[in-house]
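Q: model the following, please.
(chains A and B)
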Amino acid sequence: MTTYDDSGLAPSEREGLGRRLSTFFYRHPRVRLWTLLALPVGWLVLVYFGSLFVLLLSSFWDTDSFTSEVVHEFTLENFQRIFEQDVFRNVAWRTIQMAVFVTIADVVLAFPIAYFMARVASPRTRDILVVLILVPLWANYLVKAYAWRTILSEGGVINWALDPFGLHFDGLSTVGLWLVFTYLWLPFMILPIYAGLERIPTSFLEASADLGGRSFTTFARVILPLAFPAIVAGSIFTFCLTLGDYIAPGLITSEQFIGTVIYNIRGEALPTAAAFSLVPIAVVLVYLLVARRLGAFESL
Amino acid sequence: MKGRTTRGARWAALGLIVAALCVVAAGCGGGDDDGDGGVSTAVEGLGTSLEEIQSLAREEGEVNVVQWAGYAQLTDEFTAATGCAVNTKDGASSDDMISLIQTGAYDGVSASGNASVRLMATGEVAPIDTDLVPNYADVQEGIKNQDYNSLDGQPYGVPHGRGPNYLMFRNDIVPEDTDSWSIIWEDDGLQEYAGKISIYDDSIFIADAAVYLKATQPDLGIDSPYQLNEEQFDAAVALLDKQAAAGLNYWPGDVAKQVAEYTNGDSVVGTTWPYQYVQLTGADPPVPVTAIKPVEGTTGWSDTWMLYSKAENPNCMYLWMNHMISPEAQAAVAEGFGEAPVNLKACELTENTNHCDDYHADDEAWWEDVYYWTTPVEDCGDDDDSTTCKTQEAWEAAWTEIKG
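A: Prediction:
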């Protein structure tokens, strides 16, 4: 570059590689776009869809009955097993029920909290509440699940409190698991509802009051319909997270759920596990389609 | 026209994606061809003499092993002597161990019979040259060259130790003179301790039902609890179904979970490894538990340290196998895990001088009704060709159904 001034070349010839590249990309906007997208799209297609595709593919493979090794022979046996054996149907149904009940419980708990934060609390209280709701998310999920085991167990705090009244709660059960899930996923429900409620203009509520709407009417006919997409958005988290979890069910109950079955059979019957894992994927896809219909994606 | 070209481009893009995915799938699917079955103990990178192994091990500098919780002992001493740092990964079940070994990230494994038989068959573990494992000479002869640690007389590893699966109970809740598995199989016990029965979560537990049936229903004609024909298998599954209906706590090889349950009283009776018994009685304060081999006999294991056939650090693994059957390590394992050593020189080194007698290390008669884990296969092992037995696959499927 020291010879810059006396090179005697035209400006375009003096330009370096970077300059020429940028000119090239300016002239070819499509190439520019795809070059920019190559990495993320490549990641999405190969790593994300690629692994899903391999999962789908392995559900059509067979295993050696002695060594449990995967044999690359096409078979529909895995799907046959899943549809014909009661246990897989029962487990899938139990898991979906659990996901539904957890979602309902979380909505019931989250809505008043979110409403208080969005409409009642002072800005200072609101900030404190947001932090308090987020804090548990920083603690490791495993620690929380194990802590719940201690709380629910025979000598745990719940039974310690119930004991003087001669009562006993079998915590390490499906009901206990429902409590654990409801606790674990609650923040994922509060935050979308809070965001949704905050977006409702105060003028709407005033208008409702001016038109003679009592508080319940305003709630049922103004607030709830406007907040509904946010509730559905939150339910996507609680529903899907419950559907796929395998650690909490393994720790809290002896009942099998989709996640625990996949985890348990993956070593010996990988193709069947792969086939079974398509069940929650299908359920979630249906759920997302319904959620989209209900406008949940606009509230995310 | 424009619409058509765009659509064409889209199809082309889709085609490319599918093609790319097929490449991925083919990459994952191919390979794995076994070589010829000749028994050569050569492993790539392995020294041919003990001296060479020792010097190559210093270059490797580490060994990665899959183990049952609590197996690796005196690792610091081993590292100081050989230069190989020891990294351990606990397996929760034999199936878990097989999948871990198949990742290719480990040099060896402490395999029980229901894993070792499969690993030898698939060629995932290598035959070993016992001349390069000096301590092998001290291993009890009765445990060498068994069908779970050798193939056609060729050893595939070194024995680690053996032990029974105990019946363990809280002796402040369950009668102290309990001496039979009936407490976890028959109605009285199932009703009394419903919801507080601790069961190992693995299909191999079906054999525990078979052991009980072998003793209580001789009409079924069960010989080995791992070779069950249709009728015997159905009887075992029926027994397990009845048990599962009572409410169980499964422990999926997660030792800490079971120890916590017995400590809290969430579980009061069930099946366990000696390791948990040692932990519970050694806790502060000690948990009041008793562990016994019931009158019907029990399942158990005789484990083997095996070398992964494509091990990255075969020299360190050879030294590790030699270390684990040294008298010092054997003594530490025997007391730490609660099992019988296979190198009886260890008996002089245990802190409890009676350990070997307590664990019947040299008392073959005691082990006669301990049925070591092995892989269920189609061949029933009898002369009758017309009967077939349930395979591992069937055991696995049944176990998922039993848990419901």
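Q: list the residues that contact residue 297.
A: You didn't say which chain, so I picked chain A. Counting by CB atoms under 8 Å, 6 or more residues apart in numbering or on different chains, residue A:297 makes contact with A:233, A:291. (C-beta placed from N, C-alpha, C; glycine too.)
Q: wait, I meant chain B there
A: Here residue B:297 is in contact with B:211, B:214, B:215, B:368, B:369, B:370, B:371 (CB under 8 Å, 6+ apart).
Q: ranges for the strands of the stretch 151-300 of chain A?
A: For the stretch 151-300 of chain A, strands defined by DSSP state E, counting those that start in this stretch do not occur.
Q: can you check the stretch 251-400 of chain B too?
A: B:269-272, B:289-292, B:298-308, B:370-372.
Q: ok, residue B:265 to residue B:243 distance?
A: Going from residue B:265 to residue B:243 by CB to CB, to the nearest Å gives 20 Å.
Q: and those two? Which one has more around it.
A: More crowded of residue B:265 and residue B:243, by other CB atoms under 10 Å in any protein chain shown: residue B:243, with 21 against 15.
Q: before we move on, which element is the more buried one in?
A: According to DSSP states H and E, residue B:243 maps onto helix B:230-245.
Q: contact residues of the stretch 101-250 of chain A facing chain B?
A: Counting by CB under 8 Å from any CB of the partner chain, the residues of the stretch 101-250 of chain A close to chain B are A:149, A:153, A:154, A:155, A:156, A:170, A:172, A:250.
Q: whether stretch B:271-278 contacts chain A - can you check?
A: No. Using CB under 8 Å from any CB, stretch B:271-278 stays clear of chain A, with a minimum separation of 14.3 Å.
Q: who's in contact with that stretch?
A: B:69-70, B:163-168, B:184, B:198-200, B:205, B:208, B:255, B:258-259, B:262, B:289, B:291, B:335-339, B:359.
Q: in helices, which of the residues you listed appear?
A: The subset of the contacts of stretch B:271-278 located in helices under the criterion DSSP state H comprises B:184, B:208, B:255, B:258, B:259, B:262.
Q: specify which member of those is nearest to chain A.
A: residue B:262 (10.6 Å; CB to the nearest CB).
Q: gap between that closest one and residue B:211?
A: Remark: distance between residue B:262 and residue B:211 (CB to CB) = 22 Å.
Q: more neighbours: which of the two?
A: residue B:262 (28 against 23).
Q: please name the nearest non-neighbouring residue to the closest residue to chain B within chain A.
A: Closest to chain B within chain A is residue A:267: 3.5 Å, counting by CB to the nearest CB. Spatially, and ignoring its direct neighbours in sequence, residue A:267 is nearest to residue B:95 (3.5 Å; CB to CB, 6 or more residues apart in numbering or on different chains).
Q: count the neighbours of the one you found for me.
A: Neighbours around residue B:95, by other CB under 10 Å: 25.
Q: picking that back up, buried only: go through the contacts of residue B:297 for me.
A: Buried members of the contacts of residue B:297, scored by 16 or more other CB atoms under 10 Å in any protein chain shown, are B:211, B:214, B:215, B:369, B:370, B:371.
Q: can you put these in JSON lines and add distance to residue B:48?
A: Output for the buried ones among the contacts of residue B:297, formatted as JSON lines (distance: CB to CB, whole Å):
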{"residue": "B:211", "distance to residue B:48": "45"}
{"residue": "B:214", "distance to residue B:48": "47"}
{"residue": "B:215", "distance to residue B:48": "50"}
{"residue": "B:369", "distance to residue B:48": "43"}
{"residue": "B:370", "distance to residue B:48": "38"}
{"residue": "B:371", "distance to residue B:48": "39"}
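Q: shouldn't residue A:92 be in contact with residue A:279?
A: Yes. Look at residue A:92 against residue A:279 with CB atoms under 8 Å: they come within range, at 5.3 Å.
Q: which residues do these two both contact?
A: Residues within reach of residue A:92 and of residue A:279 at once, by CB under 8 Å, 6+ apart, are residue A:258.
Q: between the residues of the stretch 101-250 of chain A next to chain B, which is closest to residue A:288?
A: Closest to residue A:288 out of those is residue A:250 (26.6 Å), distances taken as CB to CB.
Q: contacts only, for the closest one.
A: A:260, A:263, B:252 are the contacts of residue A:250 under CB under 8 Å, 6+ apart.
Q: check whether residue B:392 really touches residue A:64, as I assumed.
A: No. With contact defined as CB under 8 Å, residue B:392 does not reach residue A:64; the gap is 9.4 Å.
Q: who's more crowded, the two?
A: Using other CB under 10 Å as the criterion, residue B:392 and residue A:64 rank with residue B:392 on top: 27 against 15.
Q: please pull out the lowest mean pLDDT helix or strand from chain B.
A: None of the helices or strands of chain B scores lower by mean pLDDT, DSSP states H and E than helix B:2-29, at a mean of 48.
Q: what about the helix or strand following that helix, distance to the chain center?
A: Past helix B:2-29, further along toward the C-terminus, the next helix or strand under DSSP H and E is helix B:50-60. Computed by CA atoms, centre = their mean, to the nearest Å, the chain-centroid distance of helix B:50-60 equals 29 Å.
Q: how close does residue A:292 get to residue A:281?
A: According to CB to CB, residue A:292 stands 16 Å off from residue A:281.
Q: which other helices and strands does the helix holding residue B:243 contact?
A: Applying 3 or more CB pairs under 8 Å, 6 or more residues apart in numbering or on different chains; DSSP states H and E, we find helix B:230-245 packed against helix B:182-185, helix B:206-216, helix B:392-403.
Q: show me what contacts residue B:199?
A: B:184, B:205, B:243, B:248, B:249, B:250, B:251, B:270, B:271.
Q: hmm, which two among those residues are most spread apart?
A: Longest span within the contacts of residue B:199, CB to CB: B:243 and B:251, 14.8 Å.
Q: coming back round to it: now the contacts of residue B:199 as CSV including pLDDT?
A: Output for the contacts of residue B:199, formatted as CSV (pLDDT from 0 to 100):
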residue, pLDDT
B:184, 94
B:205, 94
B:243, 93
B:248, 89
B:249, 89
B:250, 90
B:251, 88
B:270, 95
B:271, 95
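Q: what is the nearest of those residues to residue B:126?
A: residue B:205 (30.4 Å).
Q: contacts only, for the closest one.
A: Shown in contact with residue B:205 (CB under 8 Å, 6+ apart): B:199, B:240, B:271, B:399.
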